[in-house]
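Peer 1: The following block contains a protein sequence and its predicted model.
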Amino acid sequence: MSHNRLDRSAIAPELRRIERRLMLKGALSLGGLSMLSGCALDDEPSVERALSAMSRFTDRMQALLFSRQRLAREFDASRITHPFPFNAYYDESEVRTVDPTGWRLDVGGLVSDKRPWSLAQFRALPQKRQITRHICVEGWSAIGDWSGVPLSIFLQKVGADLRAKYVNFRCFDDYSTSIDMATALHPQTILALDYGDRALPPAYGAPMKVRIPTKLGYKNPKYLASIEVTNRFPGGYWEDQGYDWFGGS
């Protein structure tokens, strides 16, 4: 997700409060008052509790509607957006890089094999290409060409407990997010290594990003550093600040 910094960081908490109040007012105008009995719009704790309840309800409904058999639309190469836009919570000039030959993905949680993985190991696994639409919560979208290892194959390779609830991702740019196991096992959820016919460039998440076309952009982490399989709710960078956790597109 893209957030340009005019020093936005200094005003971000207040912006979030305003945005959430506006969302709540919209809910009330649509009859949401019956869901929020006793909630005054000038009572910040009540607003926060009401919005949290609404967000949890939204997550539950999206999870019920989600199907591992329902695929996101894929496109012909002629539809690819050129250039595919950079998106992160910082400016492109602040992109962090690592030496791909020395990079290792840490593996933890409910898996039988916790040894770190190299890029060479990932490239030895079956690869899948997809031309899919990235949808940003800010209202824009772009079509990109991604290739990589289906996350389901990797989870099976490391002996993950596929009955676990969550897969948590942490990144070396200090970003984090998490997904439900059903989304992790969806056939279009991949650990992307390439964009087009080349290895991922730094702006797109080198050396690895998670591409999940059934989710909004903020659920597609870049600069991956670790994967953890867990039953403890992990949250995420934006989710901990009030964004919906399920984040379906």
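Peer 2: Cool, the structure landed. Worth saying up front: this structure is predicted, and the values here are computed from it rather than measured. Numbering: from 1, shown residues only.

Peer 1: So, low pLDDT: which residues of this structure?
Peer 2: Judged by pLDDT under 70, the chain has its weakly predicted residues at 1-68.

Peer 1: which strand is the longest one in it?
Peer 2: Once the chain is assigned using DSSP state E, the strand that runs over the most residues is strand 141-150.

Peer 1: neighbours around the nearest residue to residue 70 once chain neighbours are set aside, how many?
Peer 2: Of all residues not flanking residue 70 in the chain, residue 214 sits nearest, at 7.9 Å (C-beta to C-beta, 6 or more residues apart in numbering). Just so you know, the C-beta spots here come from the backbone N, C-alpha and C atoms, and that holds for glycine as well. By the measure other C-beta atoms under 10 Å, the count of residues near residue 214 is 22.

Peer 1: can you check the one 4 residues further on too?
Peer 2: Residue 218 is surrounded by 22 other residues when neighbours are defined as other C-beta under 10 Å.

Peer 1: where does it land in three-state SS?
Peer 2: The three-state label given to residue 218 by DSSP: H, G, I helix; E, B strand; the rest coil is helix.

Peer 1: so what's residue 214 up against?
Peer 2: 66, 70, 72, 183, 186, 188, 189, 248, 249 (C-beta atoms under 8 Å, 6 or more residues apart in numbering).

Peer 1: Need the nearest residue in space to the residue nearest the centre of the chain, chain neighbours excluded.
Peer 2: Central residue of the chain (C-alpha atoms, centre = their mean): residue 219, 1.1 Å from the mean position. Nearest non-adjacent residue to residue 219, counting by C-beta to C-beta, 6+ apart: residue 247, 4.2 Å away.
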